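Engineer: Predicted coordinates and the sequence they were generated for:
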Amino acid sequence: MKSVFITGANRSIGFETAKRLWNDGYFVYIGSRDQGKGEAAAAQIGSERIAVVQLDVTDPSSIQAAHNQVSSTTGSLDVLINNAGILGGYAQQAINAPGSTIREVFDTNFFGVISLTQALMNLLQKSAQPRIVNVTSGLASLTNHSDPSWKYYNVKGAAYGPSKTALNAYTVVLAYELRDTAFKVNAIDPGYTATDFNQHRGTGTVEDAAAIIVRFATLDENGPTGKFYSNDAAGGEMAW
């Protein structure tokens, strides 16, 4: 039985992704900052092949506890989906956004992903087909941010978008280091999805968002690695 760890899986895109992979027969770890919300989410999915992991990706002790729980439960991990993220509030103007706000966003969206990925790496290495999906954003694309004709050209900020740009860069480096292994590592933008994250202003559905994440979480040996794909990109691949 394959296993998957999904951060921020107690609601929205993470929850829908957890449901789909559970229905596909995976053992699902529901990563949630709030234990109660994680348990409520898990109860909606099933009573077997599922476990709640109370996780704060900015807390080293919480990450170590998560590692220990996975190690003692399934002993290995096939898929890691780094989905948890924070917006940091707007406006995030480069000229006056508090450094504390930028650091807080980077701590979760960038450094937290690195810390958790490194902590779970030895468990992923036990899998025959390990997959890592870093959930990013179209707002990470420097190419698009430099194009005045891009539909989101005016949606800029000093914290959230740059944190995802940094995450994309980490994805490229990680995929390169693992290029001669069975790993597949990709940055996936689910598109502008209607969720609590954006007060449901998005135009996409959580079902469509989960579909692209699941697609890259379950790639076969011929699948791409070190790429940036998006539901909002023509042809699927987004410009860095």
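Structural biologist: Cool, got the structure.
Engineer: all contacts plus neighbour counts: C-alpha atoms, from now on.
Structural biologist: Fine.
Engineer: Show me what the helix ranked longest in the chain is packed against.
Structural biologist: The longest helix of the chain (DSSP state H) is helix 160-177. Judged by 3 or more Cα pairs under 8 Å, 6 or more residues apart in numbering; DSSP states H and E, helix 160-177 is in contact with helix 99-106, strand 131-135, strand 184-189.
Engineer: in the following helix or strand past the last one, what's buried?
Structural biologist: Past strand 184-189, heading to the C-terminal end, the next element that is a helix or strand (DSSP states H and E) is helix 206-217. Buried residues in helix 206-217, defined by neighbour count with 16 or more other Cα atoms under 10 Å: 206, 208-214, 216-217.
Engineer: One more: stretch 105-124?
Structural biologist: Buried residues in stretch 105-124, defined by neighbour count with 16+ other Cα under 10 Å: 105-117, 119-120, 123-124.
Engineer: and the residues you listed, which of them are in helices?
Structural biologist: Using DSSP H, those in helices are 105-106, 112-117, 119-120, 123-124.
Engineer: With pLDDT as extra columns, can I get those residues in TSV?
Structural biologist: Compiled in TSV, these are given as follows (pLDDT from 0 to 100):
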residue	pLDDT
Val105	98
Phe106	98
Gly112	98
Val113	98
Ile114	98
Ser115	98
Leu116	98
Thr117	99
Ala119	98
Leu120	98
Leu123	98
Leu124	99
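Engineer: And the furthest pair within these?
Structural biologist: With Cα to Cα as the measure, no two of these lie farther apart than Val105 and Leu123, at 27.0 Å.
Engineer: which residues does the nearest residue to Ser146 once chain neighbours are set aside contact?
Structural biologist: Sequence neighbours aside, Tyr153 is the residue nearest to Ser146 in space, at 7.6 Å (criterion: Cα to Cα, 6 or more residues apart in numbering). By Cα atoms under 8 Å, 6 or more residues apart in numbering, Tyr153 lies in contact with 144-147.
Engineer: buried subset of the residues you listed?
Structural biologist: The buried subset of those - by 16+ other Cα under 10 Å - is 144-145.
Engineer: With pLDDT, secondary structure and distance to Met1 added, can I get the contacts of Tyr153 in CSV?
Structural biologist: Output for the contacts of Tyr153, formatted as CSV (pLDDT from 0 to 100; DSSP: H, G, I helix; E, B strand; the rest coil; distance: Cα to Cα, whole Å):
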residue, pLDDT, secondary structure, distance to Met1
Asn144, 97, helix, 40
His145, 98, helix, 42
Ser146, 98, coil, 45
Asp147, 98, coil, 45
